[in-house]
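**Student:** The following block contains a protein sequence and its predicted model.
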Amino acid sequence: QLTSFLPPSSHPLPLACVPTCTHQSHTLQSCPSLPLCIPNLNSNRQIFRFNENSFPLCKAGGSSGLEERPPGVHGTPGSEENAAAEVLPSCPLPGTSGYVKLLEPCKSFPDWLHCSDRMSRPLLIYVPGMDCTAQGIRNQLPYLLAAGYDVRCIYIDSSDRSSWEKLTEKIIRLVKLVQTATGAARHVTLVGESFGGALALRLARKAPDVVSRLVLVNPATNFQKSSPLASFCARTGIIATLSRPLYKVAQDILLPLMVNRNRVIKASNEDMLSPVDYVPAACAAWRFSLLNDNYGLSDDDLRSIAMPTLLLSAAQDYVLSSVAEGGRLQKLLPNAKRVILPYSGHTVLLEDSINLASIMEENGFQQPKSALCCSNPLISFAQDSNFLKRKNTAVTDEVLDELGRLLEPWRVLTSPFVSGEENLPSPEIQLRQPLLFVGNHTMFGAYDTPLLLHELFIRGFRCRGLAHPGHWATVVGPIFEKYGHVKASKFAAYRLLKDGENILLFPGGAREVYKHKGEKYKLFWKPRTDFVRMASRFSAIIIPFAALGGDDAYQILWDANDLLRSPGGPLLQEIFKRLGISTDYIPPITSFPGTNIPSFLAVPSIERIYFHFAEPIDTSKFKSTLRDCDQWQALYLLVKERVQSSILHLKHIQENDLGRNLVQRLLQKALEVYPEFNRF
């Protein structure tokens, strides 16, 4: 029997998490991370008290809520015997049954307690990761409250050893109680992160009449493939055998992989407990074993989950293969849409730049017009949401994901720097207007163009490139076609824009690919306004961009002029004349990196790649005024001027970039993966 007390608090960042201490002998002075644990050794009972200096996460006032009682806890309301059922103790007695509880973390917001509509708001229930506390949602609470949600958090005690089936049964009972607390059932949006993503899917499948929407953040589904090393460790049982010091070392190694230090302000998370304190080794081993169990999540099971689902996949998740797994789930779940977060790590919701409420709204998951749940969640959702799955394109996400995996080593070496992202329109605008990305070509084209396609893809833009028809005379053509390129022609561009596709266009064409000496980053655009006129016809948005790094990667030994002046020049000129190709398109001969040895197959040095996106031009706003050639030309020159300005902007960045050197760049990459945390 346990007694606990919760004082009022006004902590600005509330969090209803209840950490667990596994040591009976701890006192206030000896427990390094849980100063609220005070065993009373002079009594037959242990009394756990919260004082004003208690750990701020637990004095947030959010620990009250519904819970599944462990066996043996009885008593009348308000009695000492029933205190454990009202407030969860910080340090459960060894051997007690695990707790599953639905917490209300927003009670520490002064305005929340006086909010007249709080019990009529739609519910948003956070299903946490491996820690099974609510620490992961703490930074998102103000945004979610402002968006109109009543936020609850699932807490699972570290001593709980329930199977997936038992766990879902316990949680569904709690959710139904709070959902119908005012009589009529309210909308329920489940937000599952990592371990919680796998649990949320099982909850949705078990209770489709309860769950209206799903938001899955880096879900730890398909664990054997998504994280094979962790899955293997779980199968061997080695985690449970680790001593506390060794387990802490393992956590210290893993934590930097989970948290992107550059995107999380340390000061705002100083009071977070270490995972070693609230997820003991035995608990971690059990939860990993659950992830290895695919119960309830076969492909057929997933196809039966019909509610609208938003998948958030972090591109820099070093714990799980989140982008690939998000793609798999998007294919299996009937009403799912994946959003890739290009800079985020595994713990997405802790990152300061992430606003979950805003991401949900941008993708059609805005607060329901009515808080009450419809008998058919799909009909209800369609009535008050603009959620739309991405339309089918000629190149599937699976193919573009494959391209990303192939490019990953090259991406690590070249570390693409992307600026001007604030100028990119919302990816959802492609449902209404096609996008035309217009920029400069660097030498040989292959150095940076595939990465440009990938960088746009992970930001939500699926682009089709216009490639020179000559590529199809070689083995390169079918490869280009597989990843979305088409033979460049006016008709091809017209057809793609008509179909609402996004296009990647290089007006300089082959002349910019085969530059001469002294022509680095020079534009060779023909004085034709065809692409501007065509874009205007389909009300496309033109996005000027610039690429830098590709021309620096090659050292020209002999350009077209040198080759034409050589003894074999007349023969070369005659060959190109018969082929009907200008001699300007003669490929230059470059040297091996760092030498003056000719390389007839161009071999680049490893230079950093830079991209910049300039202010877009919405041609729909010019359509009614573009009546003569002068106006077409003015718009054409505006696009060209923005590309040239972007090149100059990138040159300035390149000159001052300490990461331009390959060794420094790789060292910086290593430090990003293994940052030095004093405490987190």
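**Tutor:** Alright, I've got the coordinates.
**Student:** use CA for all of it now, contacts and neighbours both
**Tutor:** Fine.
**Student:** any low-confidence regions in the chain?
**Tutor:** Under the criterion pLDDT under 70, the flagged ranges of the chain are 1-98, 110, 112-114, 266-277, 367-392, 428-431, 623-627, 671-680.
**Student:** ok, longest helix in it?
**Tutor:** What stands out as the longest helix in the chain, according to DSSP state H, is helix 629-655.
**Student:** Which element, helix or strand, includes F437?
**Tutor:** F437 belongs to strand 435-439 when assigned by DSSP states H and E.
**Student:** can you list the residues that contact that strand?
**Tutor:** The contact list for strand 435-439 (CA atoms under 8 Å, 6 or more residues apart in numbering) reads 501-507, 535, 540-547, 639, 643.
**Student:** same thing with stretch 648-658?
**Tutor:** Outside stretch 648-658, the residues touching it (CA under 8 Å, 6+ apart) are 546-548, 610-612, 660, 664-665.
**Student:** Ok, stretch 111-130 next?
**Tutor:** Applying CA under 8 Å, 6+ apart, the external contacts of stretch 111-130 come out as 106-107, 134, 136-137, 148-155, 179, 182, 186-197, 199-200, 279, 284, 287, 367-368, 370-372.
**Student:** at 6 Å instead, please
**Tutor:** 149-154, 186-196, 371 (CA atoms under 6 Å, 6 or more residues apart in numbering).
**Student:** Please list the members of the residues you listed that lie in strands.
**Tutor:** Among these, the ones falling in strands (DSSP state E) are 150-154, 188-193.
**Student:** List just the nearest of these to Y514.
**Tutor:** Of all those, E193 has the smallest distance to Y514: 48.5 Å, by CA to CA.
**Student:** Which residue, other than its chain neighbours, is closest to that closest one?
**Tutor:** Nearest non-adjacent residue to E193, counting by CA to CA, 6 or more residues apart in numbering: V217, 4.6 Å away.
**Student:** Look up phi and psi at that neighbour.
**Tutor:** Backbone torsions of V217, given as degrees, to the nearest 10, read phi -110, psi 110.
**Student:** how many neighbours does it have?
**Tutor:** Here the count is done by other CA atoms under 10 Å, and V217 has 27 residues near it.
**Student:** what bridges to it?
**Tutor:** Counting by DSSP bridges, V217 is bridged to E193, L312.
**Student:** ok, it to V279 distance?
**Tutor:** Distance of V217 to V279, given as CA to CA, to the nearest Å: 20 Å.
**Student:** Mind telling me what element the closest residue to Y554 other than its chain neighbours is part of?
**Tutor:** Distances taken as CA to CA, 6+ apart put P604 closest to Y554, at 5.3 Å, once the chain neighbours are dropped. Under DSSP H and E, no helix or strand contains P604.
**Student:** Tell me if I'm right that P604 and D552 touch.
**Tutor:** No - in terms of CA atoms under 6 Å, P604 does not count as a neighbour of D552; the distance is 8.7 Å.
**Student:** residues contacting D150?
**Tutor:** Here D150 is in contact with 121, 123-124 (CA under 6 Å, 6+ apart).
**Student:** Which residue ranges of the stretch 401-550 of the chain form helices?
**Tutor:** 449-457, 476-482, 490-498, 509-513, 530-537 (DSSP state H, counting those that start in this stretch).
**Student:** Dump the first one to CSV, restricted to CA.
**Tutor:** In CSV, the C-alpha atoms belonging to helix 449-457 read as follows (Å, rounded to 0.1, in the frame of the first residue of the first chain):
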residue,chain,number,x,y,z
THR,A,449,21.6,16.2,-60.3
PRO,A,450,20.6,12.9,-58.7
LEU,A,451,21.1,14.4,-55.3
LEU,A,452,19.0,17.4,-56.2
LEU,A,453,16.2,15.1,-57.1
HIS,A,454,16.6,13.3,-53.8
GLU,A,455,16.8,16.5,-51.8
LEU,A,456,13.6,17.7,-53.4
PHE,A,457,11.9,14.3,-52.9
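**Student:** got the buried residues for that helix?
**Tutor:** Using 16 or more other CA atoms under 10 Å as the burial criterion, the residues of helix 449-457 that qualify are 449-455, 457.
**Student:** likewise the last one?
**Tutor:** Neighbour counts using 16+ other CA under 10 Å place 531-536 of helix 530-537 among the buried residues.
**Student:** what's the angle between that helix and strand 435-439?
**Tutor:** 160 degrees (axes from the mean of the first three to the mean of the last three CA atoms, to 10 degrees).
**Student:** relative orientation of helix 530-537 and helix 490-498 in degrees?
**Tutor:** Using the same axes, to 10 degrees: helix 530-537 against helix 490-498 is 30 degrees.
**Student:** Please tell me how far helix 530-537 is from the chain's geometric centre.
**Tutor:** 34 Å (CA atoms, centre = their mean, to the nearest Å).
**Student:** again, but for stretch 315-328
**Tutor:** Relative to the chain's own centre, stretch 315-328 is displaced by 8 Å; criterion: CA atoms, centre = their mean.
**Student:** what's the span of that stretch from first residue to last?
**Tutor:** Start-to-end, stretch 315-328 (CA to CA) is 15 Å.
**Student:** List of residues touching that stretch?
**Tutor:** With contacts defined as CA under 6 Å, 6+ apart, stretch 315-328 is touched by 218, 226-227, 257, 313, 341-342, 344-346.
**Student:** Out of those, who's the most crowded?
**Tutor:** The residue in these with the most neighbours, by other CA under 10 Å, is N218 (32 neighbours).
**Student:** Count the residues that sit near N561.
**Tutor:** Neighbours of N561 using other CA under 10 Å come to 15.
**Student:** Name the residues of the longest helix of the chain that come out as buried.
**Tutor:** Across helix 629-655, burial judged by 16+ other CA under 10 Å covers 632-633, 635-636, 639-640, 642-647, 650-651, 654.
**Student:** and if you look at stretch 222-233?
**Tutor:** Residues of stretch 222-233 classed as buried under the neighbour-count rule (16+ other CA under 10 Å) are 222-224, 226-228, 230-232.
**Student:** and which of those is nearest Y514?
**Tutor:** S226 (42.1 Å).
**Student:** need the contact list for G549.
**Tutor:** Residues near G549 by CA under 6 Å, 6+ apart: 607-609.
**Student:** you'd agree P616 is up against I543?
**Tutor:** Yes - between P616 and I543 there is a contact at 4.4 Å, judged by CA under 6 Å.
**Student:** These two: who's more crowded?
**Tutor:** Neighbours of P616 and I543, each counted by other CA under 10 Å, are more numerous for I543; the result is 23 against 19.
**Student:** ok, now how distant is the more buried one from T442?
**Tutor:** Taking CA to CA, one finds I543 at 18 Å from T442.
**Student:** what about the nearest residue to H485 once chain neighbours are set aside, how many residues close to it?
**Tutor:** Spatially, and ignoring its direct neighbours in sequence, H485 is nearest to G465 (4.4 Å; CA to CA, 6+ apart). By the measure other CA under 10 Å, the count of residues near G465 is 24.
**Student:** And G465, how close does it get to G439?
**Tutor:** Counting by CA to CA, the gap from G465 to G439 is 12 Å.
**Student:** Please apply the same query to E169.
**Tutor:** 56 Å.
**Student:** Need the phi and psi values for the residue of the chain positioned farthest from its centre.
**Tutor:** Note on the chain: the largest C-alpha distance from the chain mean falls to P567, namely 56.7 Å (CA atoms, centre = their mean). Main-chain torsions, P567, degrees, to the nearest 10: phi -60, psi -30.
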